[in-house]
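Peer 1: just coords:
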C-alpha cells in the first residue's frame, strides 16, 4: 500500500476552461472563489462540462486509547452513542446530507462495542479502539495497512456505483489529539500550535491535553517522519481509513470534499504518501480548532467557508456542497457574451464591465 497510482489533473485543458469562465456574462473574476472552484472541478473531470454524480459522505468512527488520559471534554463512550445517533438520523450530518442531496454511510472503523442491531452501520472494525499512544503505538503496522485497505475498498465501491464526489468525516473522542500529533510530526509545527480545545476544553483541560501529548511525543522520539510509521504510532483507525479512502478516490479521479481538522490530518498523511492527491481536494471550511488554519496553509488549501465550525462528522462537506454545485452549474449553464449577444470589451455594442457597482 506504499504506492498509489494518482495522476495529477492534466493541465492541458486549463486555458480552455479559464476562457470559458472568463467569457461568461459577468465582469472578469466577479464570481470570486467560485470561479477557481469551477476551474478545479472541470480540470479534475477533464471536461468543459463537468457533472456531479451521486455525491456521498463517508463518516468513519473509532475510539482512541489516548482518550483514557482525559484529553477530551467527553468520555470515550460518547463515540458509540454518537454512532447510534447517526444511525437513527439524529445528527447534524444526517440533516445536512438530507437537505443537500448527499448520500451518507456510517463506518465503524474501530468503535468499542457492537452495532449488530444496526444494519445501516458499515462494519469495518479493525479493533475495539486503538491503544493509548501515551504508552505504546496506537496500532500495529498490520492494523494500519488493514485500515488503509478498508478505506480504499469503500472508495472503490462508491466509484463503481457511479459516485464521483466523495466527502469524508469522522467521529471519535480523542481524535483531535491524534490529529494534532500527526500534524506536529509531519509538518514540524510546534505541538503547542497544533493542539486545540477539541470538544470544548477549558484552560486547565487544554493545559493537561498539551502536557499529555508532549509526554507522548517524547515517549516515541525515534518514530521520525515516515508517514505510515507516524500514522501507526499516533493515528486512529478512522483517520487511517479516511486516508485510504481519499487516496483511492483520487486514483479514480473523484472530487474530494475535505472537512475539518481531523479530516485534514488524514489528508496530510495521504499527501505525504502521494502529493498528487491534493489536486483533487476541495477544502470545505476552516475549522475553529486552533491548528486547522496552519494545517490548511501547509496543504495549500483555501477554504470555501469560515463558519466557526468544530463539529466534525463531515458537516463542512455537506454544507459546502451547494457551492460545489453552483460552481459546476454556472460553468455549464450561464450564458457567454457571445451566446447572449452581449458585447465584451472587444465588441462594438458595449464595453465589458470590469467591476460591479
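Peer 2: Sure thing, it's come through. Remember, predicted model here, so these are calculated numbers, not experimental data. Numbering: from 1, shown residues only.
Peer 1: so which residues of the protein form strands?
Peer 2: With strands called from DSSP state E, the chain shows them at 56-62, 103-110, 121-123, 165-171, 255-258, 281-283.
Peer 1: strand partners (parallel or antiparallel) of the first one?
Peer 2: Taking DSSP bridges as the criterion, strand 56-62 pairs within the sheet with strand 103-110 (parallel), strand 165-171 (parallel).
Peer 1: might you report the residue contacts of residue 192?
Peer 2: Neighbouring residues of residue 192 by CB atoms under 8 Å, 6 or more residues apart in numbering: residue 210. In this view, the C-beta of every residue, glycine as well, is placed from N, C-alpha and C.
Peer 1: residue contacts, residue 320?
Peer 2: For residue 320, the contacting residues are 257, 282, 284-285, 304-305, taking CB under 8 Å, 6+ apart as the criterion.
Peer 1: what does residue 151 give?
Peer 2: By CB under 8 Å, 6+ apart, the neighbours of residue 151 are 60, 124, 240-246, 248.
Peer 1: re earlier: which among the contacts of residue 320 gets closest to residue 70?
Peer 2: For residue 70, the closest of those turns out to be residue 285, at 28.4 Å, with distances computed as CB to CB.
Peer 1: what ranges in the stretch 51-200 of the chain fall below the confidence cut-off?
Peer 2: Regions of the stretch 51-200 of the chain meeting the criterion pLDDT under 70 are absent.
Peer 1: and the helices in it?
Peer 2: Secondary structure of the stretch 51-200 of the chain (DSSP state H, counting those that start in this stretch): helices at 78-87, 92-100, 141-160, 175-187, 191-194.
Peer 1: and the third one, how far out from the chain middle?
Peer 2: By that I understand helix 141-160. For helix 141-160, the distance from its own C-alpha centre to the chain's C-alpha centre is 16 Å (CA atoms, centre = their mean, to the nearest Å).
Peer 1: could you do stretch 203-211 as well?
Peer 2: 26 Å.
Peer 1: farthest pair within the contacts of residue 151?
Peer 2: Counting by CB to CB, the most remote pair of the contacts of residue 151 is 124 and 246, 15.3 Å apart.
Peer 1: who has more neighbours, the two?
Peer 2: residue 246 (32 against 22; other CB atoms under 10 Å).
Peer 1: contacts only, for that one.
Peer 2: Under the criterion of CB under 8 Å, 6+ apart, the contact partners of residue 246 comprise 151, 155, 166, 168, 256, 266-267, 270, 277, 281.
Peer 1: need those residues in TSV (columns: distance to residue 34).
Peer 2: Converted to TSV, these look like this (distance: CB to CB, whole Å):
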residue	distance to residue 34
151	30
155	27
166	21
168	23
256	18
266	26
267	22
270	26
277	23
281	17
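Peer 1: and which of the contacts of residue 151 is nearest residue 54?
Peer 2: In terms of CB to CB, no member of these lies closer to residue 54 than residue 245, at 15.3 Å.
Peer 1: check contacts around the closest one.
Peer 2: Contacts for residue 245 (CB under 8 Å, 6+ apart) come out as 58, 60, 151-152, 154-155, 166, 168.
Peer 1: 6 Å instead?
Peer 2: For residue 245, the contact set (CB atoms under 6 Å, 6 or more residues apart in numbering) comprises 58, 151, 154-155, 168.
Peer 1: skipping adjacent residues, who's closest to it in space?
Peer 2: If you skip the residues right next to it in sequence, residue 245 has residue 151 as its closest partner in space, 3.8 Å away by CB to CB, 6 or more residues apart in numbering.
Peer 1: now do that neighbour against residue 119, distance only.
Peer 2: Applying CB to CB, to the nearest Å, the value for residue 151 to residue 119 is 21 Å.
Peer 1: do the same with residue 203
Peer 2: From residue 203 across to residue 119, the span is 44 Å (CB to CB).
Peer 1: do the same with residue 214
Peer 2: Counting by CB to CB, the gap from residue 214 to residue 119 is 43 Å.
Peer 1: now residue 178, nearest residue through space, not along the chain?
Peer 2: Using CB to CB, 6+ apart and skipping the chain neighbours, the partner closest in space to residue 178 is residue 236 (4.8 Å).
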